[in-house]
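Asks: Just need the structure, nothing else, for what follows:
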Amino acid sequence: MVLVGPAGAGKTTLIEHLLHAAGAIPRIGRVEDGTTTCDHDPAALRQHRSVGLSVASFCSEDRVITLIDTPGHADFAGEVRAGLRAADAALFVVASVDGIDAATGTLWDECEAIGLPRAVVVTKLDKDRADFEETVAVCHRMLTGSGGVLPMYLPVHADDGQVTGFIDLLTTRIQYWDANGPHVQDADPEHAALVAGARTDLIEAIITESEDETLIRRFISGEDLDAQVLMADLERAVARGYLHPVLGHAAEPASIGSSLVLDLIVRGFPSPADRAVPLVTTVAGEPLAPLHADPGGPVCAEVIQTTDDLSMGTFSIVRVFSGTIRPQQPVHVRGHFRAESGHVDHDADVRIGPLGAPLGAQTRPVPQAVAGAIVSISPLAGARAGDTLSSRETPMLMEPWRMPEPILPTAVAARSAADDDRRG
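Replies: Numbering: from 1, shown residues only. The predicted structure follows:
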């Protein structure tokens, strides 16, 4: 799941709250304090903003979830596109006090073109001037083809206007947060008018993609459909791009909404097995049969990012699209640079180094990585972002992702080996 959105929308903060809700970290860090999991680059710590792609992988309800944090500034558009390539779905993070910029609308169009499932999280609902309904309306206006951008939950406010919880439009129950954590209660009668129209729109969007043709008739006849029945069809509607759920989040005072976002990620989005693998060719450019996210299939993976870190050394973030890779496994590494890029084309056989499940700057050793996994490999000699990893017997080359054209094509090189060690 890649998180994208305008700079300052709260992507890194949202990931921090999701990691804490899943039990992956003991406490919630702050961007301002430089204590978040994903902002570990020295430049990010100095600037209090993300300056590169960062990955956090964890387990939730017996599923492996990988969150990809991306920077919001246009200077780092290449990192965002790398994140989109590695992901099976996208969370568009929009601050309720700031709205959407044009670059976010462009990213939405790109996701629409490749059929990437999406949801929207409206953040900073605890801030002054926060307006959930207006932010949803802005999404409708600015996100092309977004007729299916519909709230799954509506915020509930206390007498002082502070968000205290959310009402579930499927169950019509309220989940609220206090110092003791989340609680669930039945909605009050006065909430009926609040949820009626939004609930109808959401249910219609879900059952339109249902394979059970009786659901529409039952709903039209006035039957109150069970929420569990609707959840079974929610993933299908999201996967087909007919529905883009909208959720809310308030970081203070009690991380309100984190568990709801996490639950949608776990239950509402398709697995890697349901997503198409990018096209592959031979090294000579001849087309090959489409691949699938099959752990037993031919090995095909892609380098999403290669980083030189003073403490961790050189390591690569790799998305496995097909097959299974293990430490010490021999693989073929192939790049596809254009002559004018200034990079030397490369075509080599290497051995896979130790594998790790990344959690920001930390990694947890793993024995293997199956199709759908994102892992760190250290080292992966000579690898660059965009390289394809495949078997030595049948080397492949993945279709490259589209990179933005640089406005000022300038490279910085170290003057000496000592300078190269210090450039991090």
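Asks: which stretches of this structure have low pLDDT?
Replies: Within the chain, the set of residues satisfying pLDDT under 70 comprises 42-51, 72, 74-76, 144-147, 309-313, 336-345, 403-411, 420-424.
Asks: Break it into its domains for me.
Replies: As assigned by automatic domain parsing, the chain contains the domains 2-270, 280-418.
Asks: Just name the most buried of those domains.
Replies: Counting by mean count of other Cβ atoms under 10 Å, domain 2-270 has the highest mean neighbour count of the domains of the chain, with a mean of 18. Where you see a C-beta, it was placed from the backbone N, CA and C, and this is true even at glycine.
Asks: now do the same end-to-end measure for that domain.
Replies: End-to-end distance of domain 2-270 (Cα to Cα, to the nearest Å): 14 Å.
Asks: Please renumber the chain so that the first residue is 8 from this point on.
Replies: Okay, residue one is now 8; in that scheme the one you just asked about reads as domain 9-277.
Asks: okay, stretch 189-208 in CSV with CA atoms only?
Replies: Output of stretch 189-208 as CSV, limited to C-alpha atoms (Å, rounded to 0.1, in the frame of the first residue of the first chain):
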residue,chain,number,x,y,z
PRO,A,189,-11.7,2.5,21.2
HIS,A,190,-15.3,1.6,22.1
VAL,A,191,-18.3,0.7,20.1
GLN,A,192,-21.9,1.7,20.7
ASP,A,193,-25.2,1.8,18.8
ALA,A,194,-25.9,5.1,17.0
ASP,A,195,-28.4,7.5,18.5
PRO,A,196,-31.7,8.1,16.7
GLU,A,197,-30.6,11.6,15.8
HIS,A,198,-27.8,10.1,13.6
ALA,A,199,-30.3,8.4,11.3
ALA,A,200,-30.9,11.4,9.1
LEU,A,201,-27.1,12.1,9.1
VAL,A,202,-26.2,8.7,7.6
ALA,A,203,-29.3,7.8,5.5
GLY,A,204,-28.2,9.3,2.2
ALA,A,205,-24.5,8.5,2.5
ARG,A,206,-25.3,4.9,3.5
THR,A,207,-27.5,4.4,0.5
ASP,A,208,-24.9,5.7,-1.9
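Asks: And it, how far out from the chain middle?
Replies: 29 Å (Cα atoms, centre = their mean, to the nearest Å).
Asks: Likewise for stretch 398-409?
Replies: Mean C-alpha position of stretch 398-409 versus that of the full chain (Cα atoms, centre = their mean) differs by 24 Å.
Asks: So what touches that stretch?
Replies: Residues from elsewhere that reach stretch 398-409 (Cβ atoms under 8 Å, 6 or more residues apart in numbering): 88-89, 91-92, 285-290, 292, 295, 305-307, 309, 328, 330, 337-339, 341, 343, 354, 356, 393, 395, 397.
Asks: In PDB, please show the C-alpha coordinates belonging to that stretch.
Replies: Below are the C-alpha coordinates for stretch 398-409, written out as PDB (Å, rounded to 0.1, in the frame of the first residue of the first chain):
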ATOM      1  CA  SER A 398      16.900 -16.500 -13.000                       C
ATOM      2  CA  ARG A 399      20.300 -17.000 -14.800                       C
ATOM      3  CA  GLU A 400      18.800 -19.600 -17.000                       C
ATOM      4  CA  THR A 401      15.900 -17.400 -18.300                       C
ATOM      5  CA  PRO A 402      16.900 -13.800 -17.800                       C
ATOM      6  CA  MET A 403      14.000 -11.300 -18.200                       C
ATOM      7  CA  LEU A 404      13.500  -7.500 -18.400                       C
ATOM      8  CA  MET A 405      10.500  -5.800 -16.900                       C
ATOM      9  CA  GLU A 406       8.700  -3.000 -18.600                       C
ATOM     10  CA  PRO A 407      10.200   0.200 -17.000                       C
ATOM     11  CA  TRP A 408       8.000   2.600 -15.100                       C
ATOM     12  CA  ARG A 409       7.700   6.100 -16.300                       C
END
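Asks: dump the residue contacts of the closest residue in space to Leu91 that isn't next to it in sequence.
Replies: Of all residues not flanking Leu91 in the chain, Val9 sits nearest, at 5.8 Å (Cβ to Cβ, 6 or more residues apart in numbering). Shown in contact with Val9 (Cβ under 8 Å, 6+ apart): Leu74, Ile75, Thr77, Gly90, Leu91, Ala93, Ala94, Ala96, Ala97, Leu98.
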